[in-house]
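S.K.: One predicted model, sequence on top.
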Amino acid sequence: MPVWLILALMGCLLGSADAARPESLEVRDRGASRGLLTITVMDDGSAYIAPDHLAALLKGAWAVKGERGTLTVGQRVAEFTRDQTRATVHGQAIELDLPPRVSGREWLVSRDFLGKGLPRLAPGVSLALPTEARKPAAKAVQAAVPLEELRYRSYPSFTRIVIETGARLAYAVVTGDEEVRVRLPGLALTRCRPPTGSCSTSTDPRRAPARASRGAARCSRSG
């Protein structure tokens with residue numbers, strides 16, 4: 001294999017240690033979105049933001065002079081120094097986790113500046129997950145579950161009720177002062193077949209769960 005190809009492969013392998021993967025946060029100013037700020041996360045876990053990008057979102061300015069970088073928003077200024085974790089925001093010194101990362105004229109500053117310095121640099125500005133990431137997951141709606149069989153037996157101190165359904169059924173337990181009710185919101189009463197005695201032919205699904213829940217409550221209390 002040619003030597004230049006070996007060196008090229010070695011360069012790729014060595015460079016992979018600094019490979020970055022982007023994330024993002026939404027910058028909001030008093031409830032209004034200013035856009036997405038990219039968070040650059042290195043393979044070693046260190047995370048940075050581009051101050052020029054943050055300046056653009058906040059309608060500020062970013063300037064580099066020698067070993068110092070200055071982020072200006074309105075009348076407030078944040079100053080960073082190359083190879084130093086100490087920064088100054090509106091006259092107050094803060095200590096960041098990492099010094100600025102400089103490549104040519106491009107600077108990256110430690111992500112924790114967003115929590116330690118941004119509130120002082122731009123009061124009223126907040127950060128949030130992007131709107132897409134904050135969308136609530138759709139809730140699965142359970143179809144009506146048919147009642148297969150209802151069995152009950154009364155004892156001196158409680159009544160035992162057994163409900164068999166055509167599929168798994170969601171339920172909720174509601175505890176009161178004198179009873180425990182088990183609600184079966186997805187139960188569909190299509191037929192009734194008690195082991196003995198007569199049975200009401202009502203098909204209202206709201207009535208059978210109420211009777212069943214009262215029986216289950218007495219059973220639960222006695223146990």
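M.R.: Received, thanks.
S.K.: Put the alpha carbons of the helix or strand where residue 78 lies into CSV.
M.R.: Using DSSP states H and E, residue 78 maps to strand 76-81. Provided in CSV are the C-alpha atoms of strand 76-81 (Å, rounded to 0.1, in the frame of the first residue of the first chain):
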residue,chain,number,x,y,z
ARG,A,76,-24.0,44.3,27.6
VAL,A,77,-20.8,42.5,26.8
ALA,A,78,-19.3,39.0,27.4
GLU,A,79,-15.6,38.6,27.0
PHE,A,80,-13.7,35.4,26.5
THR,A,81,-10.0,34.8,26.5
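S.K.: buried set for it?
M.R.: 77-80 (16 or more other Cβ atoms under 10 Å). Backbone N, C-alpha and C define where each C-beta goes, glycine included.
S.K.: likewise stretch 32-40?
M.R.: Buried residues in stretch 32-40 (16+ other Cβ under 10 Å): 34, 37, 39-40.
S.K.: Run through who's touching it.
M.R.: Residues from elsewhere that reach stretch 32-40, judged by Cβ atoms under 8 Å, 6 or more residues apart in numbering: 20-28, 47-50, 53-54, 57-58, 108, 111, 125, 127, 130-131.
S.K.: go with 7 Å
M.R.: For stretch 32-40, contacts defined as Cβ atoms under 7 Å, 6 or more residues apart in numbering pick out 20, 22-28, 47-50, 53-54, 57-58, 108, 111, 130.
S.K.: ok, of those, which come out buried?
M.R.: Of the contacts of stretch 32-40, these count as buried by 16+ other Cβ under 10 Å: 25-27, 47-50, 53-54, 57-58, 108, 111.
S.K.: Identify, from the residues you listed, the entry nearest to residue 167.
M.R.: residue 26 (41.4 Å; Cβ to Cβ).
S.K.: In which helix or strand does that closest one reside?
M.R.: With DSSP H and E as the test, residue 26 turns up in strand 20-29.
S.K.: can I get the CA coordinates of that strand in PDB?
M.R.: Coordinates of each C-alpha in strand 20-29 appear next as PDB, following Å, rounded to 0.1, in the frame of the first residue of the first chain:
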ATOM      1  CA  ALA A  20     -18.500  16.400  16.500                       C
ATOM      2  CA  ARG A  21     -22.200  15.700  16.500                       C
ATOM      3  CA  PRO A  22     -24.700  18.600  16.500                       C
ATOM      4  CA  GLU A  23     -27.600  19.100  18.800                       C
ATOM      5  CA  SER A  24     -29.800  22.200  19.100                       C
ATOM      6  CA  LEU A  25     -31.800  24.300  21.500                       C
ATOM      7  CA  GLU A  26     -34.500  26.900  20.700                       C
ATOM      8  CA  VAL A  27     -33.600  30.400  21.800                       C
ATOM      9  CA  ARG A  28     -36.700  32.300  23.000                       C
ATOM     10  CA  ASP A  29     -37.000  36.000  23.900                       C
END
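S.K.: Okay then, goodbye and thanks.
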